[in-house]
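[1] with the sequence up front, the predicted model follows.
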Number of protein chains: 2
Amino acid sequence: MSLSTDRDKLQAADKPTLYKQIRLDIERRILTGEWPPGHRIPFEHELTARYGCSRMTVSKALSELAQADLIERRRRAGTFVRRPKFLSAVLTIPDIRAEITALGRSYFYQLTQCSRRAATAADRARLGVRKSGKVIAIACRHSADGVPFAIEDRLINLDAVPEAASADFSIEPPGTWLLHHVPWTEAEHSISAIVADAAAASALDIAVGAPCLVIDRHTWRSARPLTAVRLVYPGEAHKLVARFKGG
Amino acid sequence: MSLSTDRDKLQAADKPTLYKQIRLDIERRILTGEWPPGHRIPFEHELTARYGCSRMTVSKALSELAQADLIERRRRAGTFVRRPKFLSAVLTIPDIRAEITALGRSYFYQLTQCSRRAATAADRARLGVRKSGKVIAIACRHSADGVPFAIEDRLINLDAVPEAASADFSIEPPGTWLLHHVPWTEAEHSISAIVADAAAASALDIAVGAPCLVIDRHTWRSARPLTAVRLVYPGEAHKLVARFKGG
DNA sequence: GGTGTCGATATGTCTATACATATTCCCGTC
DNA sequence: GACGGGAATATGTATAGACATATCGACACC
């Protein structure tokens, strides 16, 4: 009996490696709806027969699909196409200095306020720490080509980032310094809209009542709060872009 | 000679599988700065000796780290720690109906306008299509517990999504229908802040001049435009949350 | 009927080996 | 010294086989 498998067809199609072709083949069937959500994908031993390869090879393809959340693998039960995933996107928020200079615009940084103090009750609540400790409170402004770009209001948890005590934030923006010196493991962004009050309007050189985009970011390392920052951007001038690419 | 490896140490520490422990161990060294960006990670054959396992096992750990963009692997040269990645987060924007009902609030949907037409020049520009074709234009409003939650203004490219012609958008919100029926591969979100004009204020039951958060989303399948939507939320009432967790 | 145990089964991990492929390095030639 | 070609080497892919682990289902027992 001739053992004709789909492997020949796939190999003929293109050049890349076998496991990648298997991955793409299954991906295609899912994206076109041929295998709808909930559908049970053939067992690994069936796929080895279909593609004429070893179990490790199809397993590698399935592992990557599972990592991408396209399928779900359950022992003893089999492998299933997942319900459509949430609409999600990778929101990239680069360091502001890098963002501005990358656009070829001149960057200007102004430290408005910088103080080191024992954490107040409000500081602890904002950072999410229980014990009392020391913090650095910073307010500053970023400008691009002389035009205010964003204002920043930040707290740094000195107990978690003691080396921040010796950083000079009058020269280097705290976000830039932190990004280059402090590794982090978790971050949370909360995005909202406000209208400028008198202080924000003055700092951003816009009208009182103009719309502003606000990003509140908290950063942790291994569940330990590192810093909390609020960035206020002129609303219509700035856009956050988030992209998602499947595959 | 006794062949003592780090494997015993790792195995003692916890329970999970060996390759995962190797992955976590390397990840830790990178995150703590012990292995800074640009540092060459020991060769696979050195890691097999260090952890006392086969090359396939360390390779699996390295593959996952490479997929997560923490390291870069180059043939003949070795494996290197990557430059610090951008501050990025996964922004999850679920279906609005699901988002509201998940909070235990009652969902109410109102179709304001729905028309099928040949694409105008403005439609084509907004969708990013060149050829003329048919589109569906929809305006609607989402409410939670009777309070306006967001207004939506959407175009659907009927050439790419012909089955949308037979959907009844007076019952099911278009976002929900699309999410359940149309697979997508790329999406782009642009987030900004505006103040409510008279129309938005009336639709959202807020004051003219109140801040609003705006999300413009474009969705493609294999580079083919599917839909373009603008969502306007009352700005201070709603927050978008984006999280990142390393590992 | 409810419960618990046990076997069957599909995925998960790991090994040892082999060959492919990309890239660097070095050496010999012009 | 510049250039070209081949050896050395580190990663990339694939195989067959083995054992681990989770879980569904069936059967036995209370």
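    Done, it's in. Numbers count the residues shown, from 1 in each chain, chains lettered A, B, ... in the order given.
[2] distance check, the residue in chain A that DNA strand D sits nearest to against chain B.
    Ranked by CB to the nearest atom of the strand, the top residue of chain A for proximity to DNA strand D is A:Leu18, at 2.7 Å. Backbone N, C-alpha and C define where each C-beta goes, glycine included. Distance, A:Leu18 to chain B, by CB to the nearest CB, to the nearest Å: 16 Å.
[3] any idea how far that residue is from A:Leu70?
    According to CB to CB, to the nearest Å, A:Leu18 and A:Leu70 sit 19 Å apart.
[4] got it, and A:Ser222?
    With distances defined as CB to CB, the gap from A:Ser222 to A:Leu70 amounts to 30 Å.
[5] ok, A:Leu127 next?
    As for A:Leu127, its distance to A:Leu70 is 38 Å (criterion: CB to CB).
[6] the more surrounded of the two?
    Taking neighbours as other CB atoms under 10 Å in any protein chain shown, A:Leu127 and A:Leu70 compare with A:Leu127 leading, 22 against 19.
[7] would you check that the more buried one makes contact with A:Arg224?
    No: in this structure, A:Leu127 is not within contact of A:Arg224 by CB atoms under 8 Å, at 10.0 Å.
[8] need the overlap of contacts for those two.
    Here A:Leu127 and A:Arg224 share the contacting residues A:Asn157, scored by CB atoms under 8 Å, 6 or more residues apart in numbering or on different chains.
[9] quick one: is stretch A:158-167 near chain B?
    No: in terms of CB under 8 Å from any CB of the partner chain, no part of stretch A:158-167 sits within range of chain B; the closest distance is 10.8 Å.
[10] residues of that stretch that come out buried?
    Counting neighbours by 16 or more other CB atoms under 10 Å in any protein chain shown, one finds that the buried residues in stretch A:158-167 are A:158-161, A:164, A:167.
[11] with stretch A:96-107 instead?
    Quick answer for stretch A:96-107 (16+ other CB under 10 Å): A:96-97, A:99-100, A:107.
[12] for that stretch, what is the distance to the chain centroid?
    Between the centre of stretch A:96-107 and the centre of its host chain there is 20 Å, according to CA atoms, centre = their mean, to the nearest Å.
[13] gap between the two ends of it?
    Separation of the first and last residues of stretch A:96-107 by CA to CA, to the nearest Å is 9 Å.
[14] on that earlier part again, any idea how many residues pack against the residue of chain A closest to DNA strand D?
    Other residues near A:Leu18 come to 18 when the count uses other CB under 10 Å.
[15] which of the buried residues of stretch A:158-167 sits closest to DNA strand C?
    Ranked by distance to DNA strand C (CB to the nearest atom of the strand), the buried residues of stretch A:158-167 are led by A:Ala160 at 31.8 Å.
[16] the closest one: what's it in contact with?
    Contact criterion CB under 8 Å, 6+ apart gives A:221, A:224-226 as the residues in contact with A:Ala160.
[17] Throw those residues into CSV and include distance to DNA strand C, secondary structure and neighbour count, thanks.
    Supplementary listing: the contacts of A:Ala160 in CSV, determined by distance: CB to the nearest atom of the strand, whole Å; DSSP: H, G, I helix; E, B strand; the rest coil; neighbours: other CB atoms under 10 Å in any protein chain shown:
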residue, distance to DNA strand C, secondary structure, neighbour count
A:Arg221, 26, strand, 17
A:Arg224, 28, strand, 16
A:Pro225, 31, strand, 21
A:Leu226, 31, strand, 24
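[18] and the residues you listed, which is closest to B:Pro148?
    Within the contacts of A:Ala160, proximity to B:Pro148 (CB to CB) peaks at A:Pro225, which comes in at 35.2 Å.
[19] do I have it right that that closest one meets A:Arg126?
    No: A:Pro225 is beyond contact range of A:Arg126, at 9.2 Å (criterion: CB under 8 Å).
[20] name whatever forms a beta bridge with the nearest residue to A:Leu240 once chain neighbours are set aside.
    Spatial nearest neighbour of A:Leu240, chain neighbours left out: B:Ile191 (4.2 Å); criterion: CB to CB, 6 or more residues apart in numbering or on different chains. For B:Ile191, the beta-bridge partners are A:Leu240, B:Ile215 (DSSP bridges).
[21] Three-state assignment for A:Asp159, please.
    For A:Asp159, the assignment made with DSSP: H, G, I helix; E, B strand; the rest coil gives coil.
[22] can you give me the helices in chain A?
    If you assign secondary structure with DSSP state H, the helices in chain A sit at A:7-13, A:18-31, A:44-51, A:55-67, A:96-102, A:121-127, A:174-181, A:198-204.
[23] if we can go back for a sec, tell me which two in the buried residues of stretch A:158-167 are the farthest apart.
    Checking those against each other with CB to CB, the farthest-apart pair comes out as A:Asp159 and A:Ala167, at 15.5 Å.
[24] spell out which parts of chain A neighbour DNA strand D.
    By CB under 7 Å from any atom of the strand, the part of chain A that sits against DNA strand D consists of A:17-20, A:52-57, A:60, A:74-77.
[25] closest one of those to A:Leu31?
    Proximity to A:Leu31 was ranked across these by CB to CB; first place goes to A:Lys20, at 15.8 Å.
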